[in-house]
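Visitor: Show me how the following folds:
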Amino acid sequence: HIATSLPLPSERDHLRPRIDLIAFMIDIKSKYSLRNVEASLAHVDASFFLGKVCFLVTGVGRMNYCSVEMNAIWKLRDVYCSPVLFCELELEGVRVATAQRLLRMLQICAGHIPGVSALFFSTLMRNSADD
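Guide: Got it, this is the predicted structure:
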């Protein structure tokens with residue numbers, strides 16, 4: 001399911017499936033997308049930040065047109081203890097690889113991968129980002 005911002009409308013709560021992963025998309029060329037993500041973060045339960053949230057930064061192939069400071073991205077990663085994925089949506093190979101990575105993250109967050117929890121996976125992502 002895709003939403004442009006949070007909170008989600010409550011009138012369909014009874015029909016909404018369980019939410020296993022939230023991927024916040026930030027277009028590096030748009031300060032508005034960063035502000036929208038920052039405003040939406042206030043509507044996410046604190047328990048989701050334990051391995052069930054990630055930030056997907058798009059437009060990274062055009063860093064010369066960047067409107068969002070990378071420090072703001074790193075701050076989100078650090079404050080919310082959530083991984084950051086970078087993607088260039090205009091390149092099919094990168095888009096497919098990113099979709100596969102997100103799908104794998106979703107499988108882990110939903111509990112479909114035996115022996116790996118969302119919290120453990122988040123810790124692995126964090127440690128690899130620090131190297």
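Visitor: contacts for stretch 15-26?
Guide: Residues from elsewhere that reach stretch 15-26, judged by Cβ atoms under 8 Å, 6 or more residues apart in numbering: 1, 8, 33-34, 37, 40-41, 44, 48, 52-58, 68, 73, 85, 102, 105-106, 109-111, 118. The C-beta positions use only the backbone N, C-alpha and C, and glycine is treated the same way.
Visitor: If any of the residues you listed are buried, put those into a ChimeraX selection.
Guide: In ChimeraX, a selection of the buried entries from these looks like this (16 or more other Cβ atoms under 10 Å):
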select :33,34,37,40,41,44,48,52,53,54,55,56,57,58,68,73,85,102,105,106,109,118
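Visitor: Sort out for me which of the contacts of stretch 15-26 are in helices.
Guide: Using DSSP state H to define helices, the subset of these located there is 33-34, 37, 40-41, 73, 102, 105-106, 109, 118.
Visitor: Okay, now the unreliable bits of this structure?
Guide: The chain contains residues with pLDDT under 70 at 1, 62-63, 120-131.
Visitor: go with 50
Guide: For the chain, applying pLDDT under 50 flags the ranges 128, 131.
Visitor: Pull the number of nearby residues for the spatially closest residue to residue 59 that is not a sequence neighbour.
Guide: Closest residue to residue 59 apart from its sequence neighbours, by Cβ to Cβ, 6 or more residues apart in numbering: residue 28 at 4.3 Å. Other residues within reach of residue 28, judged by other Cβ atoms under 10 Å, total 24.
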